[in-house]
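Engineer: Build me a model:
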Amino acid sequence: MGQTSFEPTRDGGFAPAGASALHAPVHLNAVAVINGFLPRSLDSGFAWADFCGDGLDAAIHAAANPQGQFFAVGPAHRARALISEAPLDNLALVPGNLADLADDALPPLDFAVFDGGFVALAEDARTAAVKRIAEMLKPGGIALIGYHALPGFAAMMPLRDVLHSLTADHDRVAAVRVRAAIDWLAAADAAETGFLADHPGVRRRLAACADLDPDVAAAELFGPLLKPFHFAQVEATAKGARLAFAGNAEVFLNLADLALPPSTRRLAQAAKTRTAFETLRDALRNPFYRRDLYVKGAPISGEATFWKGHDDLIVGLAPDAPEAVDFGGNLVRFTGFTFDALRHGLADGPCRVGDIPGLIPELARDAVRAGLAAGIVRVLPEIVAAAPPPQGEILTVPLAFNRAILKTALRFATPVPLASPLTGGFAILSRAEALVLDAVAATGCPFTDAEAAVVAHLNATAGTHASDPGADATFRAVAREGLDALTPERLAILARDGVIAG
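Structural biologist: The predicted model follows:
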């Protein structure tokens, strides 16, 4: 599954705009299994719903999981144009909001995503929303709840008050208001004002706002109802709706050795319960945002069943798997016998954790949990032979939905996600890569001699003329950037995931 700039960083992250790999059904299942709960069946007929996204997330996951039913509740403005171009039979756009849904608006759900909407509701509405989601879930169903977290977000609150007053005259246009706030903060930072100097985490978070979708950044900086929460507060609301905490959507946060630097681990040993551990870890890591999983049901009670869940996970090597990862100041190297054996055992293709060649089950389980956290391996919905690397000069994009996304690549301010049915997730392309693939797919030109066709296609798409030297130079630079990035190795990865063919 792809990781995107919409994704949380290991310092906390933002509520997503667009596609999130943490929302994929196969990923939600893996987190549940690691934390001792049964996964949901991904056979034909499972149901997944997003209650506060922009529609693109639901559409991407629907395209990547054609055997499931997907629902985007709300305006879903980013999905509407795409599915008018390339309809998805398994995606329904449901108008209105969670509170107003009719009882029969959705079928019983296997997965529910409520990522970012929790903090935008008044207290009574938050409790009612979580209760309503719990009622919609099937027994054993999985819900993801994302929210701005304490203590990390506490430092943002007084600054939000300042920015609200500063930019009140720009409240009609989100992009203008966000830009005014970012410019003022940059000037304040350059003047070495005390507040920003004393809160480097706030400075990093504000800098990231400049690259976000303006509506997402505006909600982060100015949303009138936004209120951050401690984990225990959200868990209490979920418990009241009879939902059991099932871990963090970020896999590494479920593993104590990775979630905390060695110097702080002894401070977390005072925790006697999972709730206490989550609270202490947040105090030590200072996250700005959390994405937690809850299950409508009890955890696995038998050890044999618990480990069978691990052994039945299907995993494969992730592209560009790292050998070392910095988990927020905790640098961990994934080398040595266990991880070398893991890489070697999966070199010929994905398989069940319990069947990885060269590793006994006990070692395989530990290696896979750590490998998922580090991005060495990824969970897959089933064992399917990888598509072969491109053999000819003509590339195609098999999914009509992906071709529709590529046609809009010029409007993406962020990396471009393309659905991958072979992984149950998506691949991420830079905008330059996406524009090149769009031109190649649209014109049928040989990839090895595509620069002129890409430039002409970009000029036509943008409504400019080849006689405009400024536009021509810009598009030629974009074409070269995309062509340089789409190396044979990169194309082989995209083909292996079923994103391209040729």
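
Engineer: Residues contacting stretch 168-184, please?
Structural biologist: Applying C-beta atoms under 8 Å, 6 or more residues apart in numbering, the contact partners of stretch 168-184 are 163, 166-167, 206, 209-210, 214-215, 217-218, 221-222. (Each C-beta comes from the backbone N, C-alpha and C, glycine too.)

Engineer: would you turn the residues you listed into JSON lines with pLDDT?
Structural biologist: Shown next, in JSON lines, are the contacts of stretch 168-184 (pLDDT from 0 to 100):
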{"residue": "L163", "pLDDT": "83"}
{"residue": "L166", "pLDDT": "81"}
{"residue": "T167", "pLDDT": "80"}
{"residue": "L206", "pLDDT": "81"}
{"residue": "C209", "pLDDT": "79"}
{"residue": "A210", "pLDDT": "77"}
{"residue": "P214", "pLDDT": "80"}
{"residue": "D215", "pLDDT": "78"}
{"residue": "A217", "pLDDT": "83"}
{"residue": "A218", "pLDDT": "83"}
{"residue": "L221", "pLDDT": "86"}
{"residue": "F222", "pLDDT": "83"}
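
Engineer: Same list, the residues you listed, but as a markdown table with neighbour count please.
Structural biologist: Written out in a markdown table, the entries for the contacts of stretch 168-184 read as follows (neighbours: other C-beta atoms under 10 Å):
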| residue | neighbour count |
| --- | --- |
| L163 | 21 |
| L166 | 14 |
| T167 | 19 |
| L206 | 23 |
| C209 | 18 |
| A210 | 14 |
| P214 | 17 |
| D215 | 14 |
| A217 | 24 |
| A218 | 22 |
| L221 | 23 |
| F222 | 19 |
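
Engineer: Let's see which of the residues you listed end up in strands.
Structural biologist: When DSSP state E defines the strands, the subset of those inside them is empty.

Engineer: how much space between the spatially most central residue of the chain and A59?
Structural biologist: Most central residue of the chain, judged by C-alpha distance to the mean C-alpha position with C-alpha atoms, centre = their mean, is S20 at 2.3 Å. As defined by C-beta to C-beta, to the nearest Å, S20 lies at a distance of 12 Å from A59.

Engineer: now the strands: where do they sit in the chain?
Structural biologist: Listed in chain order, the strands of the chain (DSSP E) span residues 47-50, 69-73, 91-94, 109-115, 137-148, 244-248, 289-295, 314-317, 324-326, 331-333, 351-352, 377-380, 416-420, 425-429.

Engineer: Mind listing what's buried along stretch 471-487?
Structural biologist: Buried residues in stretch 471-487, counting neighbours by 16 or more other C-beta atoms under 10 Å, are found at 471-472, 474-475, 478-479, 481-483, 486.

Engineer: What is the burial count for K296?
Structural biologist: A count of neighbours around K296, defined by other C-beta atoms under 10 Å, yields 23.

Engineer: Count the neighbours of the residue nearest to it when sequence neighbours are not counted for me.
Structural biologist: Once its chain neighbours are removed from consideration, K296 has its nearest residue in L137; the separation is 4.3 Å (C-beta to C-beta, 6 or more residues apart in numbering). The burial count assigned to L137 is 25, neighbours taken as other C-beta under 10 Å.

Engineer: that older thread, now, which of the contacts of stretch 168-184 sits nearest L418?
Structural biologist: Sorting these by distance to L418 puts D215 at the head of the list, at 22.7 Å, by C-beta to C-beta.

Engineer: How about the closest one, nearest residue that isn't a chain neighbour?
Structural biologist: The spatial neighbour of D215 that comes closest, neighbours along the chain excluded (C-beta to C-beta, 6+ apart), is A174 at 5.2 Å.

Engineer: which residues sit against stretch 484-501?
Structural biologist: Stretch 484-501 has contacts (C-beta under 8 Å, 6+ apart) with 319, 386-390, 395-399, 402, 418-423, 427, 430, 432-433, 436-437, 447, 502.

Engineer: Among the residues you listed, which lie within helices?
Structural biologist: Among the contacts of stretch 484-501, the members found in helices (DSSP state H) are 402, 432-433, 436-437.

Engineer: Low-confidence regions, the stretch 151-300 of the chain specifically.
Structural biologist: Across the stretch 151-300 of the chain, the stretches falling below the confidence threshold (pLDDT under 70) are 171.

Engineer: now the helices: where do they sit in it?
Structural biologist: Along the stretch 151-300 of the chain, the stretches classed as helices by DSSP state H, counting those that start in this stretch are 156-166, 174-190, 194-198, 200-209, 214-222, 231-240, 256-259, 262-268, 274-285.

Engineer: Which of these sits closest to G55?
Structural biologist: For the helices of the stretch 151-300 of the chain, the distance to G55 is smallest for helix 214-222, at 12.7 Å, taking C-beta to C-beta.

Engineer: which helices and strands does the closest one pack with?
Structural biologist: Applying 3 or more C-beta pairs under 8 Å, 6 or more residues apart in numbering; DSSP states H and E, one finds that helix 214-222 makes contact with helix 156-166, helix 174-190, helix 200-209.

Engineer: Let me see the domain layout of this protein.
Structural biologist: By the assignment in automatic domain parsing, the chain contains the domains 25-150+228-295, 152-222, 313-380, 400-496.

Engineer: Take those and lay them out in CSV including distance to G302.
Structural biologist: Listed next are the domains of the chain as CSV, based on distance: least, C-beta to C-beta, whole Å:
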stretch, distance to G302
domain 25-150+228-295, 10
domain 152-222, 37
domain 313-380, 16
domain 400-496, 28
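
Engineer: Among those domains, which comes closest to W307?
Structural biologist: Distances from W307 to each of the domains of the chain were compared using C-beta to C-beta; the minimum, 6.9 Å, belongs to domain 313-380.

Engineer: Tell me how far the closest one lies from the chain's centre.
Structural biologist: Distance of domain 313-380 from the chain centroid (C-alpha atoms, centre = their mean, to the nearest Å) equals 20 Å.

Engineer: end-to-end on it?
Structural biologist: The first residue of domain 313-380 is 8 Å away from its last residue (C-alpha to C-alpha, to the nearest Å).

Engineer: Now for the closest residue to Q391 other than its chain neighbours: which residues touch it?
Structural biologist: Taking C-beta to C-beta, 6+ apart, and ignoring the residues beside it in sequence, Q391 has G502 as its nearest neighbour in space, at 6.7 Å. Contact criterion C-beta under 8 Å, 6+ apart gives 390-396, 447, 491, 495 as the residues in contact with G502.

Engineer: which among those end up buried?
Structural biologist: So, of these, 390, 395, 447, 491, 495 end up buried under the neighbour-count rule (16+ other C-beta under 10 Å).

Engineer: circling back: going by distance to A367, which of the buried residues of stretch 471-487 wins?
Structural biologist: L486 (31.8 Å).

Engineer: For the closest one, what are phi and psi?
Structural biologist: For L486, the backbone dihedrals (degrees, to the nearest 10) come out as phi -90, psi 70.

Engineer: Quick check: it vs L166, distance?
Structural biologist: Here the distance between L486 and L166 works out to 43 Å (C-beta to C-beta).

Engineer: ok, now how distant is G74 from L137?
Structural biologist: Remark: distance between G74 and L137 (C-beta to C-beta) = 19 Å.

Engineer: What of H199?
Structural biologist: According to C-beta to C-beta, H199 and L137 sit 38 Å apart.

Engineer: now L212
Structural biologist: From L212 over to L137 the distance is 30 Å, taken as C-beta to C-beta.

Engineer: As CSV, the ones in helices among the contacts of stretch 484-501 with pLDDT, distance to T408 and neighbour count would be great.
Structural biologist: As requested, those are arranged in CSV below (pLDDT from 0 to 100; distance: C-beta to C-beta, whole Å; neighbours: other C-beta atoms under 10 Å):
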residue, pLDDT, distance to T408, neighbour count
N402, 96, 11, 30
A432, 91, 15, 21
E433, 94, 14, 25
V436, 90, 15, 31
L437, 91, 13, 29
